[in-house]
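>>> Sequence plus predicted model, see below.
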Amino acid sequence: MEKDFELATETAYSNGLALPVANTVKSIYGLAKQYGLGQKDFSAIYAFLKKNK
């Protein structure tokens, strides 16, 4: 999933578009991975945010 975020943000950047929310989500997913949630899909972000309110 991290690869997908990277591809989306790189493609947007190369086309002159900004995707600030995608960059934020990519960062949150990176944190979720550090907490052992890297094997999940988008639910890793939800689980991480719910656990770390």
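It's in.
>>> In the chain, mark out all the helices, start to finish.
Applying DSSP state H to the chain gives helices spanning 2-14, 20-34, 43-51.
>>> Do I have it right that Gly30 meets Met1?
No. With contacts counted by Cβ atoms under 8 Å, Gly30 stays clear of Met1, the gap being 10.6 Å. The way it works is simple: take the backbone N, C-alpha and C, and place the C-beta from them, glycine included.
>>> Between these two, tell me which one has more neighbours.
Met1 (17 against 13; other Cβ atoms under 10 Å).
>>> per-residue confidence for the more buried one?
pLDDT, Met1: 74.
>>> Kindly report the same for Leu17.
For Leu17, the model assigns a pLDDT of 94.
>>> do the one 3 residues further on as well
Listed pLDDT for Pro20 reads 87.
>>> And the one 4 residues further on, by the same measure?
The pLDDT attached to Thr24 in the predicted structure is 88.
>>> how deep is Ala8 tucked in, by neighbour count?
Ala8: 15 surrounding residues under other Cβ under 10 Å.
>>> And Leu37, by the same measure?
Neighbours of Leu37 under the rule other Cβ under 10 Å: 17.
>>> Which residue is the nearest non-sequential neighbour of it?
For Leu37, ignoring the flanking residues on the chain, the nearest one in space by Cβ to Cβ, 6 or more residues apart in numbering is Ala44 at 3.9 Å.
>>> what number of residues lie near that neighbour?
20.
>>> Was I right to think Phe42 contacts Met1?
Yes. The criterion here is Cβ under 8 Å, and Phe42 meets it with Met1 at 7.2 Å.
>>> What count of nearby residues applies to Ala12?
Each residue near Ala12 was counted by other Cβ under 10 Å, and the total is 14.
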